[in-house]
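Q: predicted model, plus sequence, below.
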Amino acid sequence: MTEYGRGYGSEPWHPEDPLYGDQGPYGGQAQQPQWDGQQSVPYPQQHHPQQHQQPYQGGWDDTQGGQLPYDPYDPYAQQPPADPYGGAGQDYYGHQDAYGQQPQQQMPPHPQYQQAPPQQQQYPPQEYEQYERHEQHEQHPEPAYEDIPGDGWRADPERPREPEHSFFADDDADDRRDDDRPEDEPRERRGGRERRGKKNKKNKKNKRRSGRACLVVTLVFAGAVGTVGYFGYDFIMSHFASAPDYEGEGTGAVQVEIPPGSTPGEMGLVLKKAGVVKSADAFTEAAVDSKKDRVLQPGAYSLRKHMSAVAAVRLMADPKSRNGLTIREGLRSADVYKLIDTKLKLKKGTTHDIAEAQAKNLGLPSWADDSTKVKDPLEGFLYPSTYSVGEKAKPADVLKQMVARANQVYEKYDLEANAQKLHLDSPMQLLTVASLTQAEGKYKHDFVKVARVVYNRLKPSNTETYGLLDFDSTVNYARSKSTLDTGSVDDLRHFNDPYNTYKFKGLPPGPIGNPGEEALKSAIDPAKGNWYYFVSISPEKTLFAETNEEHERNRRIYLKEQEKAKQ
């Protein structure tokens with residue numbers, strides 16, 4: 001214990017101590033030691049409890065060694081005796097006790113025990129550090145601080161701090177120290193810092209957000225640079241660099257089919273896919289530079305692989321290299337047979353005889369009508385397109401190729417379901433309507449109205465033509481001719497042929513040609529109207545009428561236009 005401490009522990013007696021001047025059970029004035037006439041031992045400047053082995057025998061009651069009776073705030077102090085002064089008598093202030101004894105003379109305090117000014121009082125840092133740990137419950141393992149009245153906390157200058165690497169020397173430690181302290185604690189108790197925990201957290205969040213924002217901006221910038229570089233390279237290569245191309249005449253043999261209406265660029269894409277040229281751009285440039293882009297025609301070609309663009313254009317421009325066979329829309333089957341004979345250099349009528357003999361083996365659909373009234377069972381199934389026909393091809397193989405193409409298109413438009421929707425007896429009748437639309441409609445933009453005229457004339461309530469189609473195209477098909485002069489109506493009424501629509505009501509037994517896709521779509525979805533007649537005045541104009549009188553006026557207009565064209 002110390003010479004004038006307040007307990008058996010190491011805590012020093014200090015004027016700032018809560019028990020200093022405490023109004024305990026002994027009165028209301030601050031407790032002062034009594035003078036007993038003995039010279040006290042002066043308090044050393046650097047005090048430690050272990051330096052004083054001999055207790056001070058003088059003091060206040062010569063019994064407790066100059067200690068205060070009991071410190072309720074000291075967890076290490078012993079419990080007080082029942083009578084801290086050894087029994088009844090006077091207290092150490094010299095007052096009379098409960099037994100009526102007179103108080104002794106109160107001795108003045110020794111000058112050495114006078115209170116020193118707070119700013120001059122020095123205390124051992126080791127003992128004060130223990131006191132601080134007790135007060136803070138060891139919550140802050142921070143360097144020692146001094147509690148200076150009116151000046152807040154400050155770090156002990158005599159206590160060295162551990163060195164910190166410059167990489168970790170940031171505000172995070174300060175932020176943690178401030179964040180761990182209560183919000184209601186005065187700012188001076190935080191070492192005079194201006195920042196608060198929430199503010200520090202916000203700053204830390206802002207730092208993280210700034211880092212993420214920088215990363216996002218960097219990625220966006222890199223992506224933009226990459227995009228610009230890619231398209232810039234593509235632009236430069238497409239506008240200033242030559243297109244990739246092979247060299248030489250190529251090797252081997254490959255059959256290539258160019259669809260109708262293809263541009264040089266589209267032809268180049270087909271050739272590139274077939275391995276003929278290295279790029280479509282090279283083929284397009286060669287076709288334009290050689291001024292043969294307008295000479296190139298659709299069809300099937302016998303070419304070679306890995307040809308230069310110039311060599312491919314030159315070979316395709318040569319009529320001898322063209323192996324394609326093009327079937328135009330509306331062409332009759334008899335005319336298709338003639339084209340195959342010519343292409344394969346066969347005797348006239350060879351393909352016709354094979355078609356008639358092998359019609360059932362060429363892949364016709366199940367709904368194809370094999371009635372004896374049908375002039376040609378392949379009529380309507382030799383789909384208009386361009387086909388690859390080599391010099392050694394067989395007529396039956398070419399016909400199978402055309403029938404297969406027709407089946408593909410008819411399945412696409414579902415002729416069976418659409419025939420039922422239009423109240424027709426079979427898909428064969430729908431195909432027949434399409435062939436009539438193709439033959440009677442001179443121009444494709446009139447197909448939907450022409451198809452409506454066909455359906456209107458087929459109505460039982462038709463009082464204009466009374467169920468007769470009256471189409472010259474059916475008469476020409478029956479006669480295997482193509483002429484506008486079919487004779488008078490009276491003569492046609494006596495022409496006995498099932499395809500003669502002037503004599504027999506309803507549709508002919510089968511198609512009268514091979515319709516194209518536009519005529520097929522118009523037959524499936526015709527325009528709405530009450531037209532029964534039409535006449536084409538010019539390629540841009542076709543006049544439609546609902547009555548015969550209106551149709552006669554339109555015919556007179558047609559005749560005048562014909563006379564003007566002859567002059």
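A: Noted; the coordinates are in hand.

Q: in what helix or strand does L215 lie?
A: Using DSSP states H and E, L215 sits within helix 197-239.

Q: by contact count, what packs against the next helix or strand after that helix?
A: Later in the chain than helix 197-239, the nearest helix or strand by DSSP H and E is strand 251-258. Judged by 3 or more CB pairs under 8 Å, 6 or more residues apart in numbering; DSSP states H and E, strand 251-258 is in contact with helix 264-273, strand 299-305, strand 386-388. For every residue, glycine as well, the C-beta is placed using N, CA and C.

Q: CSV for the ones you listed, including mean neighbour count?
A: Compiled in CSV, the helices and strands packed on strand 251-258 are given as follows (neighbours: other CB atoms under 10 Å):
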stretch, mean neighbour count
helix 264-273, 19
strand 299-305, 20
strand 386-388, 20
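
Q: so which of these gets nearest Y502?
A: Nearest to Y502, of all these, is strand 386-388, at 35.9 Å by CB to CB.

Q: after the closest one comes which helix or strand?
A: Using DSSP H and E, the first helix or strand after strand 386-388 is helix 395-412.

Q: can you name every helix or strand that that next one contacts?
A: Against helix 395-412 (3+ CB pairs under 8 Å, 6+ apart) you get helix 333-344, helix 350-357, strand 386-388.

Q: between these, which gets nearest to A565?
A: Of all the helices and strands packed on helix 395-412, helix 333-344 comes closest under CB to CB, at 27.2 Å.

Q: how about stretch 506-516: buried residues?
A: Residues of stretch 506-516 classed as buried: 507-516 (neighbour count, 16 or more other CB atoms under 10 Å).

Q: report the two of those separated the most.
A: P509 and G516 (21.4 Å).

Q: ok, L492 - contacts?
A: 475, 486, 500, 502-503 (CB atoms under 8 Å, 6 or more residues apart in numbering).

Q: make it 6 Å
A: Taking CB atoms under 6 Å, 6 or more residues apart in numbering, we find L492 in contact with Y502.

Q: quick one: L344 from V398, how far?
A: 8 Å (CB to CB, to the nearest Å).

Q: who has more neighbours out of these two?
A: Per other CB atoms under 10 Å, whichever of L344 and V398 has more neighbours is V398, with 22 against 19.

Q: contacts only, for the more buried one.
A: 340, 389.

Q: circling back to that earlier point, state the mean pLDDT of the helix holding L215.
A: Per-region confidence: helix 197-239 scores 64 on mean pLDDT.

Q: and stretch 437-456, by the same measure?
A: Rounded mean pLDDT across stretch 437-456 is 94.

Q: got the contact list for it?
A: 330, 433, 436, 471, 473, 512-513, 515, 518-519, 522-523, 526-527, 529, 531-532, 534, 536, 539, 542, 544.

Q: of those residues, buried ones?
A: Buried by 16+ other CB under 10 Å: 330, 433, 436, 471, 473, 512-513, 515, 518-519, 522-523, 526, 531-532, 534, 536, 542, 544, out of the contacts of stretch 437-456.

Q: now, those that are in helices?
A: Taking DSSP state H as the definition of helices, the buried ones among the contacts of stretch 437-456 contribute 433, 436, 473, 518-519, 522-523.

Q: and stretch 444-464, C-alpha only, in PDB?
A: Provided in PDB are the C-alpha atoms of stretch 444-464 (Å, rounded to 0.1, in the frame of the first residue of the first chain):
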ATOM      1  CA  LYS A 444     -48.600  -9.800-110.900                       C
ATOM      2  CA  HIS A 445     -50.100  -6.700-109.200                       C
ATOM      3  CA  ASP A 446     -53.500  -7.800-110.600                       C
ATOM      4  CA  PHE A 447     -53.300 -11.400-109.400                       C
ATOM      5  CA  VAL A 448     -55.400 -10.900-106.200                       C
ATOM      6  CA  LYS A 449     -58.300  -9.300-108.100                       C
ATOM      7  CA  VAL A 450     -58.100 -11.900-110.900                       C
ATOM      8  CA  ALA A 451     -58.300 -14.700-108.300                       C
ATOM      9  CA  ARG A 452     -61.400 -13.000-106.900                       C
ATOM     10  CA  VAL A 453     -63.100 -12.900-110.300                       C
ATOM     11  CA  VAL A 454     -62.500 -16.700-110.600                       C
ATOM     12  CA  TYR A 455     -64.200 -17.400-107.200                       C
ATOM     13  CA  ASN A 456     -67.100 -15.000-108.000                       C
ATOM     14  CA  ARG A 457     -67.800 -16.800-111.300                       C
ATOM     15  CA  LEU A 458     -67.800 -20.200-109.600                       C
ATOM     16  CA  LYS A 459     -70.600 -19.100-107.300                       C
ATOM     17  CA  PRO A 460     -73.900 -20.800-107.900                       C
ATOM     18  CA  SER A 461     -75.600 -17.400-107.500                       C
ATOM     19  CA  ASN A 462     -73.600 -16.000-110.400                       C
ATOM     20  CA  THR A 463     -76.100 -14.300-112.800                       C
ATOM     21  CA  GLU A 464     -73.500 -12.700-115.000                       C
END
